[in-house]
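*Asks:* Sequence and predicted structure below; questions after.
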Amino acid sequence: MSVTRAGRTRTFARAADPESAHRWVGSDGVAWTLHEEPVAAALREDEAAADGTVRSPMPGTVLDVPVEIGQEVTAGTTLAVVEAMKMEHSVPSPVDGTVTAMAVSPGTPVPMDAVLVTVTPAPGPDAHEASAATVPADSEEQR
């Protein structure tokens, strides 16, 4: 395989292991391992905002989980801190709600897209209005 960039052409050798799906590229005595990362985290971003499941945006190690089960959180509250390549990434809550599950603790190694914390979304303002609308006007609850 040859690549030309800025007028300079470089030739690379490539190899693949069909059993493990590992791939390698090499040139001038140096080799690099290639692997595909799933794009599931990016594709689930809208779903996460709706259902409160918070996933790791990258492979790394959990440094901190500054929330507890039962804790009320607002959208944007840091639920976990994941370290990857000496960089810390705060993972925020996508919704207002209550922390209902924690799948990790500090020191846990996680792959990309691993579930970290689950937040049950708080009922929206429409939920209260809907329940009030179902009570008949002449019921005991209205008196």
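*Replies:* Now that the structure is in, tell me what you want to look at.
*Asks:* I would like the residues contacting stretch 78-94, please.
*Replies:* 48-49, 52, 54, 56-67, 73-77, 99, 104, 110, 116-117, 119 (C-beta atoms under 8 Å, 6 or more residues apart in numbering). For glycine as for every other residue, the C-beta is placed from the backbone atoms N, C-alpha and C.
*Asks:* Show me which of the residues you listed are buried.
*Replies:* Restricting the contacts of stretch 78-94 to buried positions leaves 48, 52, 54, 56-58, 60, 62, 65, 67, 73, 77, 99, 104, 110, 116-117, 119, with burial counted as 16 or more other C-beta atoms under 10 Å.
*Asks:* Tell me which of those fall in strands.
*Replies:* Mapping the buried ones among the contacts of stretch 78-94 onto strands (DSSP state E) picks out 54, 60, 62, 73, 99, 110, 116-117, 119.
*Asks:* per-residue confidence for residue 41?
*Replies:* For residue 41, the pLDDT comes out at 47.
*Asks:* again, but for residue 102
*Replies:* With respect to pLDDT, residue 102 scores 95.
*Asks:* And for residue 28?
*Replies:* For residue 28, the model assigns a pLDDT of 84.
*Asks:* Okay, and the beta partners of the residue nearest the centre of the chain?
*Replies:* Centroid check for the chain by C-alpha atoms, centre = their mean gives residue 55 as the closest residue, at 2.7 Å. Beta-bridge partners recorded for residue 55 (DSSP bridges): residue 115.
*Asks:* Residue 97 and residue 120 touch, don't they?
*Replies:* Yes. Distance between residue 97 and residue 120: 5.1 Å, which falls inside the contact criterion (C-beta atoms under 8 Å).
*Asks:* intersection of neighbour lists for the two?
*Replies:* Jointly contacting residue 97 and residue 120 under the rule C-beta under 8 Å, 6+ apart are residue 52.
*Asks:* out of the ones in strands among the buried ones among the contacts of stretch 78-94, what pair is the most spread apart?
*Replies:* By the measure C-beta to C-beta, 60 and 73 form the most distant pair in those, at 21.7 Å.
*Asks:* Distance check, the residue nearest to residue 98 when sequence neighbours are not counted against residue 53.
*Replies:* Leaving aside its sequence neighbours, residue 98 sits nearest to residue 120 (C-beta to C-beta, 6 or more residues apart in numbering; 5.2 Å). Separation of residue 120 from residue 53 (C-beta to C-beta, to the nearest Å) stands at 10 Å.
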